[in-house]
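>>> Let me see the structure of the following:
(one chain, ligands or ions: 2)
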Amino acid sequence: MTLQTDQSIDTSPIAVAADGPSDLDPLWRAVETEMRTRSNDIHVPISFAFAERLCEAYPEADALVVRVAILLHDSGWARVDETKIISEGFGANWRQAQIRFEHELKGCMIAREVLPGLGYDEAFITRVTDIIDGHDTRVESYSIEDSLVRDADRLWRFTPAGIALASSWFGQTPSFYCRRLRAEILPELITAAGLEMATIELDRAEALLKIAVL
Ligand SMILES: [Fe+2]
Ligand SMILES: [Fe+2]
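Numbering: from 1, shown residues only. Ligands and ions are numbered 1, 2, ... in the order given. Presented below is the predicted three-dimensional model:
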């Protein structure tokens, strides 16, 4: 059952306002090193921007928990054996690869390292790590914040940047990868807002990349 909303849904091409909030810049800086692995420095800012749109569509969610959790969710990739990221993380059975559990665990460790010094309390940090832990490997979502992070984590894939990076990770053509997005990833979206954003983004990206021809 898709999570509905009465709020308006922003489906314009993903972008942020020049005068957008910079309150989390200290946290971005704290994990700059971790952003250099596995194109986190492209994936995470784009997913973060989608997360902010989802928070507007679901004002009942705690936006700060969602924003901090999506910012940190894949930081753990920087602390796992890099040679296994492609071989195991994107091979057959990639969803249950050991490397995926490890990146979640390490991401929780990084959250516990960086957040206390930036003034976040224990209860808040636990709400964040509860989302990071299992974000790739757990089937069910535990809370609305968890659901928004899960959808934001997927939404970047429907953009031209996401299609470019992920299709090369999986060794697939853009058109093959777009078919997978439609068949496998669209049905995984939990929120109505996320589903609408993803569908419109994918239609737009497929036209731009001439997927019907190439
Ligand atoms: Fe992940
Ligand atoms: Fe991710």
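>>> In which helix or strand does the residue lying closest to residue 160 once chain neighbours are set aside reside?
Leaving aside its sequence neighbours, residue 160 sits nearest to residue 205 (Cβ to Cβ, 6 or more residues apart in numbering; 5.1 Å). All C-beta spots, glycine's among them, are computed from the backbone N, C-alpha and C. Under the criterion of DSSP states H and E, residue 205 resides in helix 192-208.
>>> what does that helix rub up against?
Applying Cβ atoms under 8 Å, 6 or more residues apart in numbering, the contact partners of helix 192-208 are 2-5, 7, 9-11, 13-14, 50, 53-54, 57-58, 148, 151-152, 154-155, 158-160, 163, 178, 181-182, 185-186, 189, 211-212.
>>> what's the residue closest to the geometric middle of this structure?
Against the mean C-alpha coordinate of the chain, by Cα atoms, centre = their mean, the closest residue is residue 153 at 1.8 Å.
>>> now for whichever strand or helix holds residue 45, which elements pack on it?
Assigning secondary structure by DSSP H and E places residue 45 in helix 40-57. Other elements packing on helix 40-57 under the criterion 3 or more Cβ pairs under 8 Å, 6 or more residues apart in numbering; DSSP states H and E are helix 63-72, helix 144-155, helix 160-169, helix 192-208.
>>> Looking at those helices, which is nearest to residue 82?
Taking Cβ to Cβ, helix 160-169 is the member of the helices and strands packed on helix 40-57 nearest to residue 82, at 13.1 Å.
>>> before we move on, the earlier item: right, so of the helices and strands packed on helix 40-57, which gets closest to residue 38?
helix 160-169 (8.3 Å).
>>> Following the chain past that closest one, name the next helix or strand.
Downstream of helix 160-169, the first helix or strand assigned by DSSP H and E is helix 174-180.
>>> Please save the CA atoms from that next one in CSV.
Extracted in CSV, the C-alpha atoms of helix 174-180 (Å, rounded to 0.1, in the frame of the first residue of the first chain):
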residue,chain,number,x,y,z
PRO,A,174,21.5,2.6,-20.3
SER,A,175,18.4,1.1,-22.1
PHE,A,176,18.7,-2.2,-20.4
TYR,A,177,19.2,-0.5,-17.0
CYS,A,178,16.1,1.7,-17.6
ARG,A,179,14.0,-1.4,-18.2
ARG,A,180,15.2,-2.7,-14.9
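>>> The nearest residue to residue 15 once chain neighbours are set aside: what's it in contact with?
Residue nearest to residue 15 in three dimensions, not counting chain neighbours: residue 49, with 7.3 Å by Cβ to Cβ, 6+ apart. By Cβ under 8 Å, 6+ apart, residue 49 lies in contact with 14, 15, 16.
>>> sec struct for the first one, please.
On the three-state scheme (DSSP: H, G, I helix; E, B strand; the rest coil), residue 14 is labelled coil.
>>> what's the spacing between it and residue 152?
Residue 14 sits 11 Å away from residue 152, going by Cβ to Cβ, to the nearest Å.
>>> And the second one, by the same measure?
Spatial separation of residue 15 from residue 152 under the definition Cβ to Cβ is 15 Å.
>>> and what of residue 51?
4 Å.
>>> Report the set of residues contacting both of these two.
Common neighbours of residue 51 and residue 152 (Cβ under 8 Å, 6+ apart) are 66, 70.
>>> Scan the helices and strands of the chain for the one with the lowest mean pLDDT.
Every helix and strand of the chain was ranked by mean pLDDT, DSSP states H and E. The lowest is helix 82-87, at a mean of 74.
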